[in-house]
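Turn this into a structure:
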Amino acid sequence: MLQLPAAARIDALRHEIERHDHAYYVLDAPSVPDGEYDRLFRELQALEQQYPELTSADSPTRRVGGRPLPEFAPVRHAVPMLSIRTETDTEPSGARAFDGRVRRELGLSDSDAMIEYATELKFDGLAINLRYEHGILVQAATRGDGETGEDVTQNVRTVHCIPLRLSGDALGIPAVLEVRGEIYMRRPDFDRYNARQRAFNRPTLVNPRNGAAGSIRQLDPAIAAQRPLSFYAYGLGEFRGWELPATHSGVLDALAALGFPVCVHRAVVQGADGLIAFHARIRALRDSLPFDIDGVVYKVNALSVQQRLGFVTREPRWAVAHKYPAEEALTIVEAIEVQVGRTGAITPVARLAPVFVGGVTVTNATLHNEDEVRRKDVRVGDTVIVRRAGDVIPEVVGVVLERRRVSSVDFSMPVVCPVCGSSIEKPADEAIARCTGGLFCPAQRKQALLHFASRRAMDVEGLGDKLVEQLVDAAIIKTPADLYKMGVLGLATLAGLERMAEKSAENLLAAIEQSKQTTLGRFIFALGIRNVGEATAKELARHFGTLDALMDADITVLQQVPDVGPVVAASVAHFFAEAHNREVVEQLRAAGVRWEEGAPAAMVSSPIAGKTFVLTGTLPTLTRDAAKDMIEALGGKVAGSVSKKTDFVVAGAQAGSKLEKAQQLGVSILDEGQFLEMVKV
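The predicted structure follows:
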């Protein structure tokens with residue numbers, strides 16, 4: 001007998017999914033994150049499977065996606081652009097489940113040979129079909145509903161990486177070739193575009209995925225031309241007059257030879273273990289990629305085997321998308337508070353109903369500054385989209401306005417510091433409001449001390465948030481110099497603090513003593529000078545050689561340092577012009593903090609000055625930090641990725657993709673012994 005609650009829920013889900021489809025595909029204004037949409041879609045699929053009598057031809061599960069806009073000419077796909085199944089188990093077992101399904105469909109036993117798979121990235125953009133006739137691009141169409149898409153040829157012509165004419169000298173030019181792939185927006189391009197839009201007080205894009213989809217579906221190609229778009233090819237539609245390779249990986253190689261951009265992050269692997277290894281490798285790379293992905297794709301490599309496996313409903317049996325944990329999710333803003341940073345910066349923070357996103361449970365998200373809160377119009381009680389990628393601090397991407405309460409009110413920045421009561425000021429030329437309390441403000445004292453003791457600064461192990469709070473709240477420490485007077489408190493006093501014991505107190509005092517021997521670059525960074533990061537601190541140390549020379553430099557002299565402009569120069573000069581800052585420096589010196597000083601950079605001759613290094617793998621005796629310090633002390637630079645501008649790659653055990661890329665580009669590769677020989681002065 002029919003269960004009415006199930007029927008009602010199915011009807012509600014269909015309407016909600018159709019509404020989200022309309023917002024995404026028609027209005028170019030997504031109303032929920034992908035993870036939320038996928039959850040609704042999976043729930044509808046499960047209910048329809050449980051109650052097959054409730055299925056209908058117009059259900060969202062019976063089609064691929066949105067409808068063509070009436071403003072665009074419809075394009076009937078010669079070969080349907082069907083979607084592939086999504087493996088919702090984000091753990092390695094999802095790969096093993098897919099391999100198991102394929103083997104069962106092929107009637108293979110455990111003792112039979114492993115299946116060969118082509119593995120790729122699952123891009124987060126807009127699927128497109130490019131039709132070439134006798135080597136010339138004649139039409140580009142969106143996926144649409146899988147059977148009929150929209151003609152977006154003029155807009156696609158503005159994407160510079162899409163060839164207008166095929167190159168294929170070695171393979172010959174097909175009479176007809178339809179190439180399928182993803183139009184996407186690189187993160188750096190997205191950031192630059194939004195920065196330019198904000199500078200001219202124009203609307204910004206929500207995220208790279210929406211930026212790509214919205215750009216291609218602009219009615220005015222001139223607007224699409226202004227958007228920085230990219231493309232990767234990953235498959236075929238119709239083709240005639242072309243010898244098809246035997247494997248999917250062979251198809252991708254052939255497309256690359258014809259002039260199409262094909263992502264280098266692909267591989268041919270064997271069996272479930274190969275799929276799992278690829279999934280793990282790309283997951284580790286995900287945050288460093290210059291574009292967004294939400295998973296990887298596995299395809300049976302042999303095209304003949306793909307034909308044997310065929311399709312089920314709307315999905316091929318021979319392919320699957322294996323997702324990673326969602327990086328965006330919906331939650332509720334329970335409160336908006338402000339935090340005080342070490343430089344007095346006042347940062348609004350959204351306190352959230354706990355939500356699992358990016359592999360962790362998130363309860364707080366940064367709102368950056370007052371202007372950003374106003375631009376996004378975030379209010380207490382709002383349903384918001386929260387994004388977290390890798391180790392990046394979670395942020396509120398946007399508000400779901402249709403769920404806003406009528407009684408909601410705008411956020412107001414406090415006029416006094418919530419910690420010390422000092423006034424908050426916002427200079428006219430800055431986006432950041434600041435507490436004027438300085439070291440009088442306990443929050444700034446705490447943050448300044450934590451920064452001073454951090455690993456990349458003075459590296460005082462064991463001095464964490466809770467201990468710093470106690471030391472500042474008890475007025476034991478007011479400046480970083482007081483840290484080196486803690487020995488006079490005695491072990492008993494330190495051991496009596498919360499979360500401390502005699503052994504941990506001994507370890508802390510030993511770490512403080514050990515931190516006295518440092519480098520000038522670390523010491524400058526530890527001082528917490530506004531606008532002076534780690535790299536700038538090292539550059540200042542290298543340029544001036546001694547702290548006294550730096551302290552006595554005026555703005556004009558400071559601007560002679562590479563990468564130091566007027567803003568940084570003014571911050572450094574202002575810091576050392578303050579008598580209390582010089583006093584803290586002298587107290588630190590008197591306490592025994594010391595470093596090796598040398599000649600200014602102009603007087604030092606180094607074989608690696610100006611050279612760019614990349615460190616990868618595990619070196620036998622050196623840590624990466626130690627190797628980096630050696631390079632920077634001699635005027636070299638350390639980059640995080642390999643490019644044509646890289647001079648040397650220092651490789652240790654288990655070096656990965658960076659070493660492979662260095663070999664491809666012909667970059668000089670050094671082992672630890674060769675590196676140490678090079679840095680001898």
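
Run through the helices of the stretch 251-400 of the chain in chain order.
Under the criterion DSSP state H, counting those that start in this stretch, the stretch 251-400 of the chain carries helices at the ranges 271-285, 303-309, 370-376.

Buried residues of stretch 209-228, list them for me.
By 16 or more other Cβ atoms under 10 Å, the buried positions in stretch 209-228 come out as 209-218, 221, 224-225, 227-228. Glycine gets a C-beta too; all of them are placed from N, C-alpha and C.

Please list the outside residues in contact with stretch 99-110.
Contact with stretch 99-110 is made by Asp112, Ile115, Tyr117, Gly271, Ala272, Leu275, Val300, Val305, Arg308, Leu309, Arg317, Trp318, as judged by Cβ atoms under 8 Å, 6 or more residues apart in numbering.

between those residues, which is nearest Val567?
Closest approach between these and Val567, by Cβ to Cβ: Leu275, at 49.6 Å.

Next, give me the two most distant ones among the buried residues of stretch 209-228.
So, these by Cβ to Cβ: farthest apart are Arg209 and Pro221, at 20.6 Å.

quick one: least confident helix or strand in the chain?
Across the helices and strands of the chain, the lowest-confidence element by mean pLDDT, DSSP states H and E is helix 491-495, at a mean of 76.

ok, and what's touching it?
For helix 491-495, contacts defined as Cβ under 8 Å, 6+ apart pick out Met486, Met500, Ala501, Glu502, Ser504, Ala505, Glu506, Leu508, Leu509.

Out of these, which end up buried?
Neighbour-count burial (16+ other Cβ under 10 Å) is assigned, among the contacts of helix 491-495, to Met486, Met500, Ala505, Leu508, Leu509.

okay, the residues you listed in TSV with secondary structure next?
Shown next, in TSV, are the buried ones among the contacts of helix 491-495 (DSSP: H, G, I helix; E, B strand; the rest coil):
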residue	secondary structure
Met486	helix
Met500	coil
Ala505	helix
Leu508	helix
Leu509	helix
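
so Leu219 makes contact with Asp151?
No. Counting by Cβ atoms under 8 Å, Leu219 stays clear of Asp151, with 11.8 Å between them.

For burial, what's the neighbour tally of the nearest residue to Asp124 once chain neighbours are set aside?
Closest residue to Asp124 apart from its sequence neighbours, by Cβ to Cβ, 6 or more residues apart in numbering: Asp292 at 4.1 Å. Neighbour count for Asp292, taken as other Cβ atoms under 10 Å: 22.

likewise Leu40?
Neighbour count of Leu40, defined by other Cβ under 10 Å: 17.

same deal with Ala46?
By other Cβ under 10 Å, 10 other residues sit near Ala46.

so how far is the strand or helix carrying it from its chain's centroid?
Using DSSP states H and E, Ala46 falls within helix 34-50. Relative to its parent chain, helix 34-50 has a centroid offset of 27 Å by Cα atoms, centre = their mean, to the nearest Å.

Which neighbouring elements make contact with it?
With contacts defined as 3 or more Cβ pairs under 8 Å, 6 or more residues apart in numbering; DSSP states H and E, helix 34-50 has these neighbours: helix 4-21, strand 328-340.

which of the ones you listed is buried the deepest?
Most buried of these by mean neighbour count (mean count of other Cβ atoms under 10 Å) is strand 328-340; its value is a mean of 19.

got the CA positions of that strand in CSV?
Taking C-alpha atoms only, strand 328-340 is exported to CSV below (Å, rounded to 0.1, in the frame of the first residue of the first chain):
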residue,chain,number,x,y,z
GLU,A,328,31.2,23.7,0.8
ALA,A,329,28.2,23.2,3.1
LEU,A,330,25.2,24.9,4.5
THR,A,331,24.9,26.0,8.1
ILE,A,332,23.4,28.7,10.3
VAL,A,333,25.1,31.8,11.7
GLU,A,334,24.4,31.7,15.4
ALA,A,335,26.4,34.9,16.3
ILE,A,336,28.9,37.4,14.8
GLU,A,337,31.7,38.3,17.2
VAL,A,338,35.0,40.1,16.6
GLN,A,339,38.5,38.9,17.3
VAL,A,340,41.5,41.2,18.1
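
For that strand, which strands pair with it and how are they oriented?
strand 345-357 (antiparallel), strand 383-387 (antiparallel) (DSSP bridges).

Adding mean neighbour count, write the helices of the stretch 251-400 of the chain out as TSV.
Below are the helices of the stretch 251-400 of the chain laid out as TSV (neighbours: other Cβ atoms under 10 Å):
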stretch	mean neighbour count
helix 271-285	18
helix 303-309	14
helix 370-376	17
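
Go through the ones you listed and name the closest to Ala329.
helix 370-376 (16.5 Å).

Check the offset of the closest one from the chain's centre.
Centre-to-centre, helix 370-376 and its host chain are 22 Å apart (Cα atoms, centre = their mean).

average pLDDT across it?
What helix 370-376 shows for mean pLDDT is 89.

and the buried residues of stretch 209-228, which of them are in helices?
Residues of these located in helices (DSSP state H): Arg209, Asn210, Gly211, Ala212, Ala213, Gly214, Ser215, Ile216, Pro221, Ala224, Ala225.

Backbone dihedrals for the nearest residue in space to the last one that is not next to it in sequence, both of them.
This means Ala225. In this structure, Ala225 finds its nearest non-sequential neighbour in Thr158, 4.0 Å apart by Cβ to Cβ, 6+ apart. Main-chain torsions, Thr158, degrees, to the nearest 10: phi -80, psi -10.

circling back: export the helices and strands packed on helix 34-50 to CSV and tack on mean pLDDT?
Shown next, in CSV, are the helices and strands packed on helix 34-50 (pLDDT from 0 to 100):
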stretch, mean pLDDT
helix 4-21, 83
strand 328-340, 93
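
Make a markdown table from the ones you listed and add distance to Ile173 to it.
Formatted as a markdown table, the helices and strands packed on helix 34-50 follow (distance: least, Cβ to Cβ, whole Å):
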| stretch | distance to Ile173 |
| --- | --- |
| helix 4-21 | 38 |
| strand 328-340 | 42 |
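
Phe41 is nearest to which of those?
Nearest of the helices and strands packed on helix 34-50 to Phe41, taken as Cβ to Cβ: helix 4-21 at 6.3 Å.

List the contacts of the closest one.
Helix 4-21 is contacted by residues 30-32, 37, 40-41, 43-44, 47-48, 50-51, 54, 59-60, 65-66 when judged by Cβ under 8 Å, 6+ apart.

Now the buried members of those residues.
Neighbour counting by 16+ other Cβ under 10 Å classes 30-32, 37, 40-41, 44, 47-48, 54, 59-60, 65-66 among those as buried.

does Val320 really touch Thr86, like I thought?
Yes. Counting by Cβ under 8 Å, Val320 touches Thr86, with 7.3 Å between them.

More neighbours: which of these two?
Per other Cβ under 10 Å, whichever of Val320 and Thr86 has more neighbours is Val320, with 27 against 17.

Spit out the contact partners of Val268.
Counting by Cβ under 8 Å, 6+ apart, Val268 touches Glu116, Tyr117, Ala118, Thr119, Thr247, Ser249, Asn301.
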